[in-house]
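>>> Everything below, folded, please.
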Amino acid sequence: GDGGPGEAAPAPAPAPAPAPPTRAQLFDTVVDTVLEKLVAAGSYERFASCYRCFYKLQPEVTKSIHEQFIFQLQASIKEEIQEVKEEGKLEMLFDALDRLVEEAKDQQEPAWRPSGTPEEDALSAMVPYLLKHHSYLQRVLKEKVEDNKQLAEAVLAGRGRIKELQQLIQARREAWQ
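Residues are numbered from 1 along each chain as shown. Here you go, the predicted structure:
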């Protein structure tokens, strides 16, 4: 235990797993992959075979035109994709989706899915709310019934007191006369 040459060094801590790519990064990767495949599909050989006569006359010019065409095509597509991303606020939406997915990881019960029948879906969404509201209304009704019962008892007691006072007044009037 003195750290001499015969002891093994402690194993290094495992490196933390890299964070998974965001949806925005995945989207960019997909766009880049599609562009690569598009460029591969528009290879110089295919281009030259489509313009064979021109290629036979001036192969260097054909190659230059192909390179310019591919460069312009890629730039145009990237520009269009960027406009779509900006107009549709895709970065913000992808980030929001990533946050929702992250928050949902801790959920125990499965997320709601539509059944395909709008009436059933509306009922499944409304019934819990309506049941909760029903129990609230039942509770309020019970409180009001109790309040009314107490008020009715107070009114009856008040009427009884009034009757007693009227009798007392009547008795004193008769006694006075």
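>>> For this protein, which segments count as helices?
Applying DSSP state H to the chain gives helices spanning 23-41, 44-50, 52-57, 59-87, 90-104, 118-176.
>>> would you turn the ones you listed into a markdown table with distance to residue 12?
For glycine as for every other residue, the C-beta is placed from the backbone atoms N, C-alpha and C. As requested, the helices of the chain are exported to a markdown table (distance: least, Cβ to Cβ, whole Å):
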| stretch | distance to residue 12 |
| --- | --- |
| helix 23-41 | 29 |
| helix 44-50 | 49 |
| helix 52-57 | 59 |
| helix 59-87 | 41 |
| helix 90-104 | 29 |
| helix 118-176 | 52 |
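>>> Residue 112: which of those is closest?
Each of the helices of the chain has some distance to residue 112 by Cβ to Cβ; the shortest is helix 118-176, at 7.7 Å.
>>> Might you calculate how far that closest one sits from the centre of the chain?
46 Å (Cα atoms, centre = their mean, to the nearest Å).
>>> for residue 161, what are its contacts?
By Cβ atoms under 8 Å, 6 or more residues apart in numbering, the contact list for residue 161 is empty.
>>> Select, out of the helices of the chain, the one closest to residue 14.
Of these, nearest to residue 14 by Cβ to Cβ is helix 90-104, at 22.7 Å.
>>> what does that closest one rub up against?
22, 23, 24, 27, 84, 85, 111.
>>> what's the angle from that helix to helix 23-41?
130 degrees (axes from the mean of the first three to the mean of the last three Cα atoms, to 10 degrees).
>>> Name the residues of helix 90-104 that are buried.
Buried positions in helix 90-104, judged by neighbour count with 16 or more other Cβ atoms under 10 Å: 90, 94.
>>> Could you export that helix as PDB, CA atoms only?
Taking C-alpha atoms only, helix 90-104 is exported to PDB below (Å, rounded to 0.1, in the frame of the first residue of the first chain):
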ATOM      1  CA  LEU A  90     -36.700  25.900 -37.700                       C
ATOM      2  CA  GLU A  91     -33.700  26.300 -35.300                       C
ATOM      3  CA  MET A  92     -36.100  27.600 -32.600                       C
ATOM      4  CA  LEU A  93     -38.700  24.800 -33.300                       C
ATOM      5  CA  PHE A  94     -36.000  22.100 -33.300                       C
ATOM      6  CA  ASP A  95     -34.700  23.400 -29.900                       C
ATOM      7  CA  ALA A  96     -38.200  23.500 -28.500                       C
ATOM      8  CA  LEU A  97     -38.800  19.900 -29.700                       C
ATOM      9  CA  ASP A  98     -35.500  18.800 -28.100                       C
ATOM     10  CA  ARG A  99     -36.600  20.400 -24.800                       C
ATOM     11  CA  LEU A 100     -40.000  18.700 -25.000                       C
ATOM     12  CA  VAL A 101     -38.400  15.300 -25.600                       C
ATOM     13  CA  GLU A 102     -36.000  15.900 -22.700                       C
ATOM     14  CA  GLU A 103     -38.800  16.900 -20.400                       C
ATOM     15  CA  ALA A 104     -40.900  13.900 -21.500                       C
END
